[in-house]
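In: A predicted structure for the sequence below; I have some questions about it.
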Amino acid sequence: MRRVASTVLLVVAGVMLPVAVIANWAGSNLYDSDSFSARAVEPLNSEAVRTELARRLTEQLVQAGNQQATSFRPAFELALEGVIDTDTFKSIFRNAVRQTHKAILEGDGGRRGLDARQALETCQHLEMERVDLGRRISGCTQIDRPK
């Protein structure tokens, strides 16, 4: 009887170990929105990925009838590639992926995951800082040196 019980327990343990390993991996990689979004941003560090993403975004803008994207396509792609490489873009992208991932896991299908308000507010904030910096620079008549 002991021999049968130990064999059964050994088989159960042999089956449960891979299941536990897979469940642990899924819990930390598939069901954690923070780590999922962090991994989603990593490819943006590759120049090839940024170039392809900029090309595809420009193509979508051209197909949508954006005249600037059509007329200045190479410059537009280069500018988009530069924007994609910024920490601000990566932060917005990370938050969008995190929110979408979380919404999908909660059964919302991702409909409420992408919220452009945060991206717009960030861009407006950056624009205000740029305008303020431009005013400060244009108002300078000389360089003040510390005494």
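Out: It's in.
In: From now on I want contacts and neighbour counts done on CA atoms only, so please keep to that.
Out: OK.
In: Helices along this protein, start to end?
Out: For the chain, the helices defined by DSSP state H occupy 2-29, 33-41, 47-63, 67-71, 73-84, 87-105, 116-139.
In: what's the most buried one of the ones you listed?
Out: Counting by mean count of other Cα atoms under 10 Å, helix 87-105 has the highest mean neighbour count of the helices of the chain, with a mean of 19.
In: could you give me the average pLDDT of that one?
Out: Average pLDDT, helix 87-105: 88.
In: Render the CA-only coordinates of it in PDB, please.
Out: What follows is helix 87-105, C-alpha atoms only, in PDB (Å, rounded to 0.1, in the frame of the first residue of the first chain):
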ATOM      1  CA  ASP A  87      11.100  59.500 -22.600                       C
ATOM      2  CA  THR A  88       7.800  61.300 -22.800                       C
ATOM      3  CA  PHE A  89       6.500  59.200 -25.700                       C
ATOM      4  CA  LYS A  90       7.700  56.000 -23.900                       C
ATOM      5  CA  SER A  91       5.900  57.000 -20.800                       C
ATOM      6  CA  ILE A  92       2.700  57.700 -22.600                       C
ATOM      7  CA  PHE A  93       3.100  54.400 -24.500                       C
ATOM      8  CA  ARG A  94       3.800  52.500 -21.300                       C
ATOM      9  CA  ASN A  95       0.700  53.900 -19.600                       C
ATOM     10  CA  ALA A  96      -1.500  53.200 -22.600                       C
ATOM     11  CA  VAL A  97      -0.300  49.600 -22.700                       C
ATOM     12  CA  ARG A  98      -0.700  49.200 -19.000                       C
ATOM     13  CA  GLN A  99      -4.300  50.600 -19.000                       C
ATOM     14  CA  THR A 100      -5.300  48.500 -22.000                       C
ATOM     15  CA  HIS A 101      -3.800  45.300 -20.500                       C
ATOM     16  CA  LYS A 102      -5.500  46.000 -17.200                       C
ATOM     17  CA  ALA A 103      -8.800  46.600 -19.000                       C
ATOM     18  CA  ILE A 104      -8.500  43.300 -21.000                       C
ATOM     19  CA  LEU A 105      -7.700  41.300 -17.900                       C
END
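In: Fine by me, we can end here.
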